[in-house]
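Engineer: Predicted model, plus sequence, below.
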Amino acid sequence: MRSADAPSPENQPAAAGSAPADPAAALTGLRADIDRIDAAMHALLIERGEIIDRLVEVKRSRATEGGSAFRPAREASMMRMIADRHRGILPLDTVEGIWRVIISTFTYVQAPYAVHADLASGEAAMRDTSRFHFGFTVPFVAHMGAGAVVSAVAGSKGDLGLVPAFAPPGAGPWWTALEGDNAPKIIARLPFVERADHPAGLPVFCIAHPVTDGAVTEVEMWSVRVAGWNAGAARALAPLAETLAVPDRGLDGAALLVSIPLAGEVGLDGVLGALRACGASVRSAALVGSHASRYVHAPAGAAR
Ligand SMILES: O=C(O)C(=O)C[C@]1(C(=O)O)C=C[C@@H](O)C=C1
């Protein structure tokens, strides 16, 4: 069998600028090549499904495996490999979207789940993000507010939640509901592959029951409650860690969701120290998840 990525010799494209002697025959031949490639890709997807069947059996035999099929670390590394090896005229967005749908749908066939999304800060962008990353086979459930999303995930067997990775005006401290060993956790930040013109670029946190296998811990997410929150503390934190801050319990209380890269120099102690140095007192700090570090992709030749 000829390799799917090599055009048949008789269908080699004419050299640039030179028209083929028989354009109709050339078109027929090129379409035959496209049919051959489509059939090979389809056969590979069917074979991928058979591999997933075997993978499910292996997972069942391992004590470490939980009920959910999500493996965020594996997904992040796959998306990075895909972005790195991509070339040619097909836009990276398309390649990324195709693989997101492949992976999410194969996750779904392993263990069905729904995606609960918070539409409170706009429906169109959140729907686009959900469909881009999870396709149309995985059911989409709309909610108004991140708290409702967290509750839906907590009450489900293995569903996912999507909430904006920013605090819209009036948002509450939804992440405090992630405190506690058995509460849902942040397991990913999407999109995996970040770039300025991403077609589904709304930054979202992905929430699920705690991942027992395959969690990615490059960035830890901490829920921190402080009293004495003030403008100086907010300014001191800004260069140290990405933080969502909303009012909490009384006039000068704040609930913070702090992203702390494990490879970074600051760490949780540095963040808490900076808060204290500005007169804020730290009431509690709880780990509420982790995710892969941002993978910023720039086109070849552009600065990363
Ligand atoms: O590698 C796994 O554990 C899989 O379940 C396979 C697969 C995939 O389709 O590639 C699906 C779900 C996981 O989140 C990661 C990858």
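Structural biologist: Received, thanks.

Engineer: Alongside the ligand, which residues does the stretch 51-200 of the chain contribute?
Structural biologist: In this structure, the stretch 51-200 of the chain approaches the ligand at residues 55, 69-71, 74-75, 103, 106-107, 110, judged by Cβ under 6 Å from any ligand atom. Every C-beta, even on glycine, is put in place using the N, C-alpha and C of the backbone.

Engineer: and with 8 Å instead?
Structural biologist: By Cβ under 8 Å from any ligand atom, the residues of the stretch 51-200 of the chain that approach the ligand are 52, 55-56, 59, 69-72, 74-75, 78, 102-104, 106-107, 110.

Engineer: List buried residues within the residues you listed.
Structural biologist: Among these, those classed as buried by 16 or more other Cβ atoms under 10 Å are 59, 69-72, 75, 78, 103-104, 106-107, 110.

Engineer: Lowest pLDDT pick from these?
Structural biologist: Taking pLDDT as the measure, those have their low point at A69 (85).

Engineer: wait, that residue sits on S104?
Structural biologist: No - with contacts counted by Cβ atoms under 8 Å, A69 stays clear of S104, the gap being 10.0 Å.

Engineer: What's the local residue count around P261?
Structural biologist: Applying other Cβ atoms under 10 Å, we find 15 residues neighbouring P261.

Engineer: can I assume it is in contact with E218?
Structural biologist: Yes - P261 is within contact range of E218, at 6.6 Å (criterion: Cβ under 8 Å).

Engineer: What helix or strand is V153 located in?
Structural biologist: Applying DSSP states H and E as the criterion places V153 in helix 146-154.

Engineer: So F106 belongs to a helix, correct?
Structural biologist: Yes - under DSSP: H, G, I helix; E, B strand; the rest coil, F106 sits within a helix.

Engineer: quick one, what contacts it?
Structural biologist: Under the criterion of Cβ atoms under 8 Å, 6 or more residues apart in numbering, the neighbours of F106 are 48-49, 52.

Engineer: Next, format these as CSV and append pLDDT.
Structural biologist: CSV is the format used below for the contacts of F106 (pLDDT from 0 to 100):
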residue, pLDDT
R48, 98
G49, 98
I52, 97
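
Engineer: These into CSV, with extra columns for distance to A196 and secondary structure?
Structural biologist: Converted to CSV, the contacts of F106 look like this (distance: Cβ to Cβ, whole Å; DSSP: H, G, I helix; E, B strand; the rest coil):
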residue, distance to A196, secondary structure
R48, 32, helix
G49, 35, helix
I52, 34, helix
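
Engineer: how about the strands in this protein?
Structural biologist: For the chain, the strands identified by DSSP state E occupy 115-118, 140-143, 160-164, 185-190, 193-194, 204-208, 219-227, 242-247, 254-261, 281-291, 295-296, in order along the chain.

Engineer: which one of the ones you listed has the lowest average pLDDT?
Structural biologist: Per-stretch mean pLDDT for those is lowest at strand 295-296 (a mean of 83).

Engineer: Partner strands of that strand and their direction?
Structural biologist: Partner strands and pairing direction for strand 295-296 (DSSP bridges) are strand 193-194 (parallel).

Engineer: show me where pLDDT drops low in the stretch 51-200 of the chain?
Structural biologist: Using pLDDT under 70 as the threshold, the predicted model of the stretch 51-200 of the chain has low-confidence ranges 63-67.

Engineer: All the helices of it, in order from the start?
Structural biologist: Listed from the start of the chain, the stretch 51-200 of the chain has helices (DSSP state H, counting those that start in this stretch) covering 72-85, 92-110, 123-134, 146-154.

Engineer: Go through those and pick out the most buried.
Structural biologist: Taking mean count of other Cβ atoms under 10 Å as the contact definition, the stretch among the helices of the stretch 51-200 of the chain with the greatest mean neighbour count is helix 146-154, which reaches a mean of 22.

Engineer: end to end, how far does stretch 153-161 reach?
Structural biologist: Distances were taken as Cα to Cα, to the nearest Å; on that basis the terminal residues of stretch 153-161 are 6 Å apart.

Engineer: Show residues contacting it.
Structural biologist: When contacts are taken as Cβ under 8 Å, 6+ apart, the neighbours of stretch 153-161 outside the stretch itself are 67-70, 111, 113-118, 134, 141, 146, 149-150, 152, 177, 183-184, 206-209.

Engineer: Report the buried members of those.
Structural biologist: Here, 16+ other Cβ under 10 Å leaves 68-70, 113-118, 134, 146, 149-150, 152, 177, 183-184, 206-209 buried among those.
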